[in-house]
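J.: Got a predicted structure here, sequence first:
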Amino acid sequence: MDDPRVAVIIEDDQDIRELIGVVLSQSGFEVHAANSGAGGVELVRAKNPAIVTLDLGLPDIDGFEVVRRIRLFSDAYIVMLTGRADEMDTLLGLEAGADDYLTKPFRPRELRARIGAMMRRPRHAGEVLPSGSSAQEGGAAVTPDVQPAATSQPEGAATPGTSSAAPLAVNGLVLNSGNRTAEVDGTELELTRTEFDLLHAIVDSGKQVRTKSDLVRRLRGDEYDVGTYISDADERTIEVHMANLRRKLGDNPREPRWIKTVRGVGYRLVH
Ligand code: CA
């Protein structure tokens, strides 16, 4: 497990490094910093952080390669810092396995908000992300086709009041929000936190469509619900995460076993 109190900054600009360091320290993190890509990868290996901030433009190896190397051994939450004009860089970084991005110049409160949202994202997904939590879903709840996998367990195995944390099973996919694992046909998947949370959001929503902006808000937390503009680029980050997720699931978007694209809207569970 990563250490929830540790953060690593990978950034070659000293001013930005210090600024990020102050924000992370104020957020309660033990902060370590590297000024090169290779040094950053080693620091992540040594310190086992919960969060990594990563500048894409580094003097030795580029940020995309840094993400790929970190992802070989760590599921730390990776926030990339990118230039405002470089949306393609953002998408490539997410494809490589980063979780989120901030464009430079960023405001410290933006970084604080992203970190806060990440830290509130539950270890037990069912606890604070109940289905029907979106403000946009007025009215009647739709009964999902998803059955709790725990029904095969002896009576009384489930603790009353925690049914939302019971494993979800659909078409050979089992999601356990307790230990945040996902299995397909009995084989465990290596999902990042973001991929797990997206998959859980869709499975937990049953037949309801999840819009891309809904998913952005779900990942970024409640304080983004109020008055926060969700940009096209933000929605594209969901598309990239979803493509990565489908690849790991082995789910073909044209003939999906689990995740169906609702064109122009978002995604929903196959039923
Ligand atoms: Ca740089």
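T.: Thanks, I have it.

J.: What separation is there between the closest residue in space to residue 73 that isn't next to it in sequence and residue 173?
T.: Distance criterion Cβ to Cβ, 6 or more residues apart in numbering; nearest residue to residue 73, sequence neighbours excluded, is residue 45 at 6.4 Å. Just so you know, the C-beta spots here come from the backbone N, C-alpha and C atoms, and that holds for glycine as well. With distances taken as Cβ to Cβ, to the nearest Å, residue 45 is found 31 Å from residue 173.

J.: Give the buried residues for whichever strand or helix holds residue 31.
T.: Using DSSP states H and E, residue 31 falls within strand 30-34. Neighbour counts over strand 30-34 (16 or more other Cβ atoms under 10 Å) mark 31-34 as buried.

J.: anything in that strand near the ion?
T.: No. Between strand 30-34 and the ion, judged by Cβ under 5 Å from the ion, nothing touches; the nearest distance is 12.1 Å.

J.: Can you give the strand pairings for that strand, parallel or anti for each?
T.: strand 3-10 (parallel) (DSSP bridges).

J.: Put the alpha carbons of the strand holding residue 31 into CSV.
T.: C-alpha atoms of strand 30-34 as CSV (Å, rounded to 0.1, in the frame of the first residue of the first chain):
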residue,chain,number,x,y,z
GLU,A,30,5.4,14.8,4.0
VAL,A,31,6.9,16.2,0.8
HIS,A,32,9.8,14.9,-1.3
ALA,A,33,11.0,16.5,-4.5
ALA,A,34,13.0,15.6,-7.5
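
J.: and that strand, how far from the chain's centre?
T.: Distance of strand 30-34 from the chain centroid (Cα atoms, centre = their mean, to the nearest Å) equals 22 Å.

J.: Residue ranges in the stretch 101-250 of the chain under the pLDDT threshold?
T.: Scanning the stretch 101-250 of the chain for pLDDT under 70 picks out 122-165, 222-228.

J.: What segments of it are helices?
T.: Assigned by DSSP state H, counting those that start in this stretch, the helices in the stretch 101-250 of the chain fall at 108-120, 125-128, 193-204, 212-220, 232-249.

J.: residues touching whatever residue of the stretch 1-150 of the chain ends up closest to the ion, list them.
T.: Nearest residue of the stretch 1-150 of the chain to the ion, counting by Cβ to the ion: residue 57, 3.7 Å away. Taking Cβ atoms under 8 Å, 6 or more residues apart in numbering, we find residue 57 in contact with 12, 63, 83.

J.: Could you export those residues to CSV, including columns for distance to the ion and neighbour count?
T.: Shown next, in CSV, are the contacts of residue 57 (distance: Cβ to the ion, whole Å; neighbours: other Cβ atoms under 10 Å):
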residue, distance to the ion, neighbour count
12, 5, 17
63, 9, 24
83, 9, 13
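
J.: Dump those to CSV, plus pLDDT and secondary structure.
T.: Below are the contacts of residue 57 laid out as CSV (pLDDT from 0 to 100; DSSP: H, G, I helix; E, B strand; the rest coil):
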residue, pLDDT, secondary structure
12, 95, coil
63, 92, helix
83, 77, strand
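
J.: Close to the ion: what parts of this protein are there?
T.: 12, 55, 57.

J.: now, which of the residues you listed sits nearest residue 259?
T.: Nearest to residue 259 among these is residue 55, at 32.2 Å by Cβ to Cβ.

J.: Which strand residues bridge that closest one?
T.: The residues that residue 55 bridges to, once DSSP bridges is applied, are residue 81.

J.: pretty sure it is in contact with residue 14, am I right?
T.: No. Residue 55 is beyond contact range of residue 14, at 11.6 Å (criterion: Cβ atoms under 8 Å).

J.: Which residue of those two possesses the greater neighbour count?
T.: A count of neighbours by other Cβ atoms under 10 Å puts residue 55 above the other of residue 55 and residue 14, at 23 against 10.

J.: Contacts only, for that one.
T.: 10-13, 16, 63, 80-81.
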